[in-house]
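In: one predicted model, sequence on top.
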2 protein chains.
Amino acid sequence: MQKLTAQRQAILDIINRSDKHWDADEVAFKLKEKGISIGIATVYRGLAALAEQGLIESIQLADKKRYERADKSHHDHLICTECGAIEEFCKPEIETLQDKVAAERGFKIQGHQLLLFGLCIGCKAGES
Amino acid sequence: MQKLTAQRQAILDIINRSDKHWDADEVAFKLKEKGISIGIATVYRGLAALAEQGLIESIQLADKKRYERADKSHHDHLICTECGAIEEFCKPEIETLQDKVAAERGFKIQGHQLLLFGLCIGCKAGES
DNA sequence: TAGCGAATGATAATCATTATCACTATCATC
DNA sequence: GATGATAGTGATAATGATTATCATTCGCTA
């Protein structure tokens, strides 16, 4: 049984207070900044536990995992390959089509991940 | 300028001859099996080069990259979280919606990745 | 108060991937 | 044919995110 310990509450608090997509290091740094001392392994375990309990959301990028607040409606992500900015979007029609695909194949969906890679409006403007 | 060296041709040949989704280790093992000796770093570089040239396709999973033949029409993937099987599907309507989302935000799409996670038909049947 | 399961923290280990570096192959040009 | 420029190779060290280990500690319940 997972526990919501003081350390995990501190992690949750940081993530809940912003719209950022945090990685483990950033969370650890923020904790240090706030004068809270938590081992890096505990940060990783805490993030995994919170995500498992549905208290935060996780997205898996190529190199690392990032976590964000869970109290938002479901959405997917646009990722700028130039500056790394992460934007969110919501397109229920896409989800509907995904469900249809899965149903056609007798596949029981547990989750999905849709990432769109490209240039955000700012980086597109700065392109040669 | 990228070159299609003998090593890279050997790698390409392996991938083109099957419908598997290969990771670097599997390719290296297959090469060894065929009596071809290629350094592991060269396998990684070869796979990256071939993908960059569009001769093979790459998909980024959570833990590692996998590569597959490029001479298939575009598709996305269903991944069984139980047995690791990778199925392919094609849903042009989803791509259209993705383009629409990007256009709405002035985002210039370079690529995308859509993964559906769940239980394949076999594993679903075997569930308790 | 004792005992149990879960969590913590420091640190070592893992694993895919990338960097380094000395050397080689290819190819155009002198 | 020699020379250079450029890219590739292979062995191996390094990187970086994450996970495992293990002794210790916390919060509970019997």
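Out: In hand now; what should we look at? Residues are numbered from 1 along each chain as shown, chains lettered A, B, ... in the order given.
In: so what secondary structure elements neighbour the lowest-mean-pLDDT helix or strand in chain A?
Out: Lowest by mean pLDDT, DSSP states H and E among the helices and strands of chain A is helix A:121-125, with a mean of 90. Helices and strands touching helix A:121-125, by 3 or more Cβ pairs under 8 Å, 6 or more residues apart in numbering or on different chains; DSSP states H and E: there are none. In short, each C-beta sits where N, CA and C put it, glycine included.
In: contact partners of that helix?
Out: A:80, A:82, A:83, A:85, B:105, B:106, B:107, B:108 (Cβ atoms under 8 Å, 6 or more residues apart in numbering or on different chains).
In: cool, stretch A:47-55 as well?
Out: So stretch A:47-55 is in contact with A:2, A:4, A:8, A:11-12, A:15, A:24, A:27, A:56-58, A:65, A:67, A:70, going by Cβ under 8 Å, 6+ apart.
In: looking at the contacts of helix A:121-125, which are in strands?
Out: A:80, B:108 (DSSP state E).
In: re the thing from before, now do the buried residues in the least confident helix or strand of chain A.
Out: For helix A:121-125, the buried set under the neighbour-count rule, 16 or more other Cβ atoms under 10 Å in any protein chain shown, comprises residue A:123.
In: minimum distance to DNA strand C, which residue of chain A gives it?
Out: residue A:39 (2.7 Å; Cβ to the nearest atom of the strand).
In: hmm, back to that, are any of the contacts of helix A:121-125 buried, and which?
Out: A:80, A:82, A:85, B:107, B:108.
In: take the residues you listed and write them to JSON lines, including distance to residue A:92.
Out: As requested, the buried ones among the contacts of helix A:121-125 are exported to JSON lines (distance: Cβ to Cβ, whole Å):
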{"residue": "A:80", "distance to residue A:92": "24"}
{"residue": "A:82", "distance to residue A:92": "29"}
{"residue": "A:85", "distance to residue A:92": "24"}
{"residue": "B:107", "distance to residue A:92": "19"}
{"residue": "B:108", "distance to residue A:92": "24"}
